[in-house]
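> dropping the sequence and predicted coords here.
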Amino acid sequence: MSAAREPIGVIGTGYVGLVSAAGFAELGSDVWCVDIDAAKIERLQRGEVPIYEPGLEELLVRNAARLHFSTELADALEHARLLFVAVGTPPTYSGDADLSAVHAVVNAIPASEDHALVMKSTVPCGTGASLMRVFGEQGKGGLGYVSCPEFLKEGSAVNDFLHPDRVVVGDDGGPPGDAVAELYAPLGAPLVRTDIASAEMVKLASNAFLATKISFINEIANVCEETGADVVEVARGMGLDDRIGPKFLQAGIGYGGSCFPKDVDALKQLAGNSGYHFQLLTAVIEVNDLQKRRVIGKLQKHLGTLAGKRVALLGLAFKPNTDDMREASSLVLSARLQADGAAVTAYDPVAEEQARSLVSGITFADSPLAAVERADAVVLVTEWGEFVGLDWKQVAGAMSGNLVIDGRNALDADAVRAAGLLYEGIGRR
Ligand SMILES: NC(=O)c1ccc[n+]([C@@H]2O[C@H](COP(=O)([O-])OP(=O)(O)OC[C@H]3O[C@@H](n4cnc5c(N)ncnc54)[C@H](O)[C@@H]3O)[C@@H](O)[C@H]2O)c1
């Protein structure tokens, strides 16, 4: 732990806000966290952690004395000059980002020469400029503004905060930007100090590129299925090329989560609103939507009609090590399976509570083995470690049928086959 540093405010204590707050407290800052969700703030004040994120609880406990939680923006304004904004920016029906929470924060901030908003929320390019115009119209032109997009990944968010690949600070070169850069300096990450619009675009372009890589390898997987190649081998051969790299080349049943779908959509809409048709992203989105449904085709290929069949879903969260269900592939799958008349049982180590409010009509099991009991087919949806290490002989003994669809190409195909089960991955030979 380091010496006392600049105190900060964090507005919005979700995945990004809470992890950032804990991270900055670890670096020595007093952090004043504000959220409009009174129940969440009460839980945080009691020392409870409202989200599942490895390492977060430990960080919050260790730095409890530096972390302050309130529903009152005034508490943060009183103690901190820099107010990190980490409110949600979900998609609207049009695909554009919904900035209403950001605007609520902007409207609530009083005029000040001392304070600056530091935008961690992912916002369309041009948002900073338009918010500064709003400051001017509201007689709050003295407020500073810095774009500091967040790149952490759920499931490894604490580690990502403490060991970022880069820190991006977009501003007009004034003291608030210097102060933000200073706060991140102990992490020793490369600093990209740039203008606000470019910082905003770095975030959107990064997520769009990663999503493109996923849709690309998924299309390669689909072609592999037609041609007899194995996408795992192909990805290994491709990934060893320095210019390509091995990450985000795992074929599967598509990306989900709170960021990729909405950020890719937001960039596509942003381009469209500016008169540019971003063809590539249109395809990336369509490929991803179709990829989530390809599992249904695989099930039908082996089982025929799905009416009356029992299908077990292993995993519900959009990826391992998180309880986040936003845009999870399991939502599409469970709905499609039920629409085709299948009975769905699912197990997830941590996401059941979140899933219950989003998925109806399925049975929640309390262990992987309970989920596969009498199943005709098992689908690996989220590659949690406990599924990868399953005893497939036990699974085979519990199932009625013998089909295992590995939606993440994460299982040991030989071990599954050795248990007498029929293994089918995505783009595997
Ligand atoms: N989740 C991620 O992995 C991730 C990664 C990078 C960037 N981002 C971006 O960060 C932003 C936050 O994402 P998240 O996943 O942490 O969202 P979240 O939904 O988990 O949390 C948002 C929080 O903001 C609070 N809030 C809403 N309006 C508020 C207001 N007016 N004042 C105070 N609090 C308010 C909500 O109650 C909630 O607790 C989004 O723009 C997202 O795109 C998310």
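Right, received. Where do you want to start? Numbering: from 1, shown residues only.

> what's around the closest residue to Gln300 other than its chain neighbours, how many residues?
Among residues not flanking Gln300 along the chain, Leu306 sits closest, at 6.4 Å (C-beta to C-beta, 6 or more residues apart in numbering). From N, CA and C alone the C-beta is placed, and that goes for glycine too. Neighbourhood size, Leu306 [other C-beta atoms under 10 Å]: 22.

> and what of Ala229?
Neighbour tally, Ala229, other C-beta under 10 Å: 16.

> distance of Val71 relative to the ligand?
Actually, residue 71 is Thr. It isn't Val. 8 Å (C-beta to the nearest ligand atom, to the nearest Å).

> oh, that last question was meant for Glu53, not what I typed.
Glu53 is 10 Å from the ligand, where distance means C-beta to the nearest ligand atom.

> going forward, the N-terminal residue is numbered 608.
In the new numbering, first residue 608, that becomes Glu660.

> contacts only, for that residue.
Glu660 makes contacts with Tyr622, Leu625, Val626, Glu761, Gly762, Ala764, Val765, Asn928, Thr929, as judged by C-beta atoms under 8 Å, 6 or more residues apart in numbering.

> which residue ranges of this structure form strands?
With DSSP state E as the criterion, the chain has strands at 612-618, 636-641, 674-677, 689-692, 723-726, 751-754, 774-777, 798-801, 917-921, 950-954, 970-971, 984-987, 1010-1013, 1029-1031.

> list the buried residues for the last one?
Taking 16 or more other C-beta atoms under 10 Å as the neighbour-count basis, strand 1029-1031 is seen to contain the buried residues Tyr1030, Glu1031.

> so what secondary structure elements neighbour it?
helix 886-910, strand 1010-1013, helix 1020-1025 (3 or more C-beta pairs under 8 Å, 6 or more residues apart in numbering; DSSP states H and E).

> okay, now the sheet partners of it, with direction.
strand 1010-1013 (parallel) (DSSP bridges).

> let's have the strands of the chain in CSV, adding mean pLDDT.
Shown next, in CSV, are the strands of the chain (pLDDT from 0 to 100):
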stretch, mean pLDDT
strand 612-618, 96
strand 636-641, 98
strand 674-677, 98
strand 689-692, 98
strand 723-726, 98
strand 751-754, 98
strand 774-777, 98
strand 798-801, 98
strand 917-921, 98
strand 950-954, 98
strand 970-971, 98
strand 984-987, 98
strand 1010-1013, 98
strand 1029-1031, 98
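
> tell me, which of the contacts of Glu660 make contact with the ligand?
Contacts with the ligand are made by Tyr622, Glu761 out of the contacts of Glu660, judged by C-beta under 6 Å from any ligand atom.

> of all the contacts of Glu660, which two lie farthest apart?
Leu625 and Asn928 (15.5 Å; C-beta to C-beta).

> the helices in the stretch 808-957 of the chain, which residues?
With helices called from DSSP state H, counting those that start in this stretch, the stretch 808-957 of the chain shows them at 838-846, 867-880, 886-910, 936-946.

> which positions in the stretch 858-1007 of the chain make contact with the ligand?
Counting by C-beta under 6 Å from any ligand atom, the residues of the stretch 858-1007 of the chain lying close to the ligand are Ser865, Cys866.

> pick out the residue of the protein closest to the ligand.
The minimum distance from the chain to the ligand, using C-beta to the nearest ligand atom, falls at Gly621 (1.8 Å).

> so that residue touches Ile643, yeah?
No. Gly621 is beyond contact range of Ile643, at 11.3 Å (criterion: C-beta atoms under 8 Å).

> one step back: count the neighbours of the residue of the chain closest to the ligand for me.
There are 18 residues near Gly621, going by other C-beta under 10 Å.

> pLDDT value on it, please?
Per-residue pLDDT puts Gly621 at 96.

> still on that earlier bit, any chance of TSV for the helices of the stretch 808-957 of the chain, columns mean pLDDT and mean neighbour count?
Shown next, in TSV, are the helices of the stretch 808-957 of the chain (pLDDT from 0 to 100; neighbours: other C-beta atoms under 10 Å):
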stretch	mean pLDDT	mean neighbour count
helix 838-846	98	17
helix 867-880	95	21
helix 886-910	96	17
helix 936-946	96	21
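
> quick one: closest of those helices to Asp682.
In terms of C-beta to C-beta, the element of those nearest to Asp682 is helix 867-880, at 30.0 Å.

> show me what from the stretch 658-807 of the chain comes close to the ligand.
Proximity of the stretch 658-807 of the chain to the ligand, by C-beta under 6 Å from any ligand atom, involves residues 693-696, 708, 711-712, 727-729, 757, 759, 761.

> separate out the buried members of those.
Buried by 16+ other C-beta under 10 Å: Ala693, Val694, Gly695, Thr696, Ala708, Val712, Lys727, Ser728, Thr729, Glu757, Leu759, Glu761, out of these.

> I figured the first one was touching Ile618, is that so?
Yes. Distance between Ala693 and Ile618: 6.7 Å, which falls inside the contact criterion (C-beta under 8 Å).

> can you list residues touching both of the two?
Jointly contacting Ala693 and Ile618 under the rule C-beta under 8 Å, 6+ apart are Gly624.

> looking at the helices and strands packed on strand 1029-1031, which is nearest to Leu965?
Per C-beta to C-beta, nearest to Leu965 of the helices and strands packed on strand 1029-1031: helix 886-910, 15.0 Å.

> so which other helices or strands are in contact with the closest one?
Counting by 3+ C-beta pairs under 8 Å, 6+ apart, helix 886-910 packs on helix 803-834, helix 867-880, helix 936-946, strand 984-987, strand 1010-1013, strand 1029-1031.
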